[in-house]
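Peer 1: Show me the folded form of this:
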Amino acid sequence: MKRSDAESLAANMNNRKVQQYLNMTIDPYTAEHARKWINQTHRLAREDRGYHFGIQPASMDEAVGCIGLKNLNRESLNVELGYWIGERYWKQGLMTEAVSLILGFVFDTLKFHRVYAIVHSGNLGSVRLLEKSHFVREGIYREAHRTGSKWHDVYFYGLLKREWKDTQSKPR
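Peer 2: A predicted model of the protein is given here:
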């Protein structure tokens, strides 16, 4: 993440459709919030506690979303994947490419055994993305997320290194 991405990240995050499935309560989300978050991601990376990357279309000089790893468990070699992208960039393949790249980082560079993602049941775009990326739905946390007075299920997805390796050897 670059500190110069703060304005773009804030602009893309200030969208209820983007925020609705994130644990996001800052409204409006400002460039100052983004700068603080970017600084935090730099600290996490230095401490080997998390890795976050900006998602940047080839035609642009700034990030329009983020993808990252948190809850690194070095003992059991598990890590949690999280991501978001500005609504204007949905369904363009950017997140599919970002997930593919970060999986290489997870399994080849960091040498983790498993990556998982926790997804709101209503976030159909994210569900499709994970399934297209060969993640397996491992479970459902019933009514684990509340929006206002409404309860929603949360899906738990996982991908093992050997499953990912199998997808890498097959022609696309």
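Peer 1: For the rest of this, base every contact and every neighbour count on C-alpha atoms.
Peer 2: Will do.
Peer 1: Pull out the buried residues from the helix ranked longest in the chain.
Peer 2: Determined from DSSP state H, the single longest helix within the chain is helix 31-46. Within helix 31-46, the residues that qualify as buried are 31, 33-35, 38, 41-42, counting by 16 or more other Cα atoms under 10 Å.
Peer 1: can you check stretch 14-25 too?
Peer 2: Within stretch 14-25, the residues scored as buried using 16+ other Cα under 10 Å are 14, 18-19, 21.
Peer 1: likewise stretch 137-148?
Peer 2: Using 16+ other Cα under 10 Å as the test for burial, stretch 137-148 gives 137, 140, 145.
Peer 1: May I have it exported as PDB, CA atoms only?
Peer 2: Output in PDB follows, covering the C-alpha atoms of stretch 137-148 (Å, rounded to 0.1, in the frame of the first residue of the first chain):
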ATOM      1  CA  ARG A 137     -17.400 -23.700   1.500                       C
ATOM      2  CA  GLU A 138     -16.600 -25.400   4.800                       C
ATOM      3  CA  GLY A 139     -19.300 -24.200   7.000                       C
ATOM      4  CA  ILE A 140     -22.000 -21.700   7.900                       C
ATOM      5  CA  TYR A 141     -22.100 -19.600  11.000                       C
ATOM      6  CA  ARG A 142     -25.800 -19.100  11.400                       C
ATOM      7  CA  GLU A 143     -27.000 -15.600  12.100                       C
ATOM      8  CA  ALA A 144     -23.400 -14.500  13.000                       C
ATOM      9  CA  HIS A 145     -23.700 -11.000  11.600                       C
ATOM     10  CA  ARG A 146     -26.200  -8.300  12.400                       C
ATOM     11  CA  THR A 147     -27.100  -5.300  10.300                       C
ATOM     12  CA  GLY A 148     -29.400  -3.100  12.300                       C
END
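Peer 1: Okay then, goodbye and thanks.
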